[in-house]
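> Kindly return the folded structure for what I paste below:
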Amino acid sequence: MAVDANTYGTVARVEARVGDLVDARTFGTATVPTLVQVEALLDDTAAQINAVLKRYGYAVPVATGTDPEAFAWLRAANSAGAAALALNTVPGEALDPETPDPIRIRRQGLWAELNAVLKAIREGELPATRTVSSYVSKAYAGSQQDEDGNATEPIFKRQSGSYPGTW
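Alright, predicted model coming up:
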């Protein structure tokens, strides 16, 4: 198996980050995780990234020729997310992504790197091509959704106590 065409990261980048899990810092058929498993982790992480990209109106996949800076950022995030997941395959190395200090431990630092890119995508700060048809601007989303994406009532239907500081 090889990584999917819509995957940004590479096995070599995962090996550079967490290759110390295996002998010779190279994933293979007899390692834990195996090469096939690492490729699947890259694909899984890329699928998560691409789903968020689509939701916020970006063209998927982001192409290195069209948007090289965004592609490089996504490649690093994809590799970091897969590396964090690879660490979870080792007994006793499971990740708790809700830990208050995400930079304290290597796994959590890798996870935080992926989440920083996902946050930038959600906030419209990724310098990549967008498709107009699926893009929801912040101004529109702000009037219909709160920051977590939950639907809100239009301003003229809100109760005076519903939103502090509003009429």
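
> per the record, what domains does this protein have?
11-135, 137-167 (automatic domain parsing).

> rank those domains by mean pLDDT and give me the bottom one.
Among the domains of the chain, domain 137-167 carries the lowest mean pLDDT, at a mean of 57.

> Just confirm V14 is within a helix.
Yes. When DSSP: H, G, I helix; E, B strand; the rest coil is applied, V14 is found to be in a helix.

> That one and L42 touch, don't they?
Yes. Between V14 and L42 there is a contact at 6.8 Å, judged by CB atoms under 8 Å. In this view, the C-beta of every residue, glycine as well, is placed from N, C-alpha and C.

> Now do the shared contacts for those two.
Jointly contacting V14 and L42 under the rule CB atoms under 8 Å, 6 or more residues apart in numbering are 79, 82.

> can you pull out the helices in the chain?
Taking DSSP state H as the test, the helices found in the chain are 11-18, 35-55, 68-87, 106-122, 138-144.

> which of those helices sits most buried?
Of the helices of the chain, the one with the most neighbours on average (mean count of other CB atoms under 10 Å) is helix 68-87, at a mean of 23.

> Figure out how far that helix is from the centre of its chain.
On the basis of CA atoms, centre = their mean, to the nearest Å, helix 68-87 sits 8 Å off its chain's mean C-alpha point.

> Could you list every helix and strand that that helix packs against?
Applying 3 or more CB pairs under 8 Å, 6 or more residues apart in numbering; DSSP states H and E, one finds that helix 68-87 contacts helix 11-18, helix 35-55, helix 106-122.
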